[in-house]
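> give the three-dimensional model of this entry:
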Amino acid sequence: CLSLLNENETQYCQWNFDGSGWQYQVMAGPVFIFVFTFTGIFIGFVADSVSRKNFLSASLFLWSLMTLLMGFAKHYWHLVILRFGQGISEAGCTPFAVSLIVDYFPKESRGSAMGFYNWGIYAGYSLSYAIGNYVTRANILGQ
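A predicted model of the protein is given here:
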């Protein structure tokens, strides 16, 4: 985090991860991918024995909480721990969402329902790049 001053002399934190540094590579790669992948396997087994709606709700809540807390991170290790938690909570979404889609949609429209569900991933990524820089420049917390 680079500690900078903006126009009104308040301090703010600017992250300049461009994907080339080892810290970003660790955070985007093993910290998330390994946790997401291996946790997803175990959560997939759990999906058959617990309330899917409640577990999906809990996963979405934790995922959102981890994402929110990332905005308050002051050190790299904060981001690593939160990214670890984000991987665990995000892994809980797909097994439960897919099983609910199978329950709620007939065979004829499951492909469309799954396509719409998966489309959300890429729409979210696109929106994050399209508006993400404007959100950080807005300096919502006045830091």
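> longest helix in the protein, please.
Ranked by residue count, the top helix of the chain under DSSP state H comes out as helix 110-137.
> who are the packing partners of that helix?
Under the contact definition 3 or more Cβ pairs under 8 Å, 6 or more residues apart in numbering; DSSP states H and E, helix 110-137 sits against helix 93-104. In short, each C-beta sits where N, CA and C put it, glycine included.
> using CSV, write down the CA coordinates of the helix it packs on.
Included here for helix 93-104 are C-alpha records, laid out as CSV according to Å, rounded to 0.1, in the frame of the first residue of the first chain:
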residue,chain,number,x,y,z
CYS,A,93,-21.5,-21.2,-3.7
THR,A,94,-21.3,-23.4,-6.9
PRO,A,95,-22.1,-26.8,-5.5
PHE,A,96,-25.2,-25.5,-3.7
ALA,A,97,-26.3,-23.2,-6.5
VAL,A,98,-26.0,-26.0,-9.1
SER,A,99,-28.0,-28.4,-7.0
LEU,A,100,-30.7,-25.8,-6.4
ILE,A,101,-30.8,-25.0,-10.2
VAL,A,102,-31.3,-28.8,-10.9
ASP,A,103,-34.1,-28.9,-8.4
TYR,A,104,-36.0,-25.8,-9.6
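> I'd like the numbering to begin with 359 instead of 1 from here.
Sure, I'll start counting at 359 from here, so that last one is helix 451-462.
> contacts for that helix?
Outside helix 451-462, the residues that touch it by Cβ atoms under 8 Å, 6 or more residues apart in numbering are 398, 401-402, 404-405, 410-411, 413-414, 417-418, 421, 468, 471-472, 475.
> out of those residues, which are inside helices?
When helices are assigned by DSSP H, the members of those inside them are 398, 401-402, 404, 410-411, 413-414, 417-418, 421, 468, 471-472, 475.
> quick revisit: could you check the angle the longest helix of the chain makes with helix 451-462?
140 degrees (axes from the mean of the first three to the mean of the last three Cα atoms, to 10 degrees).
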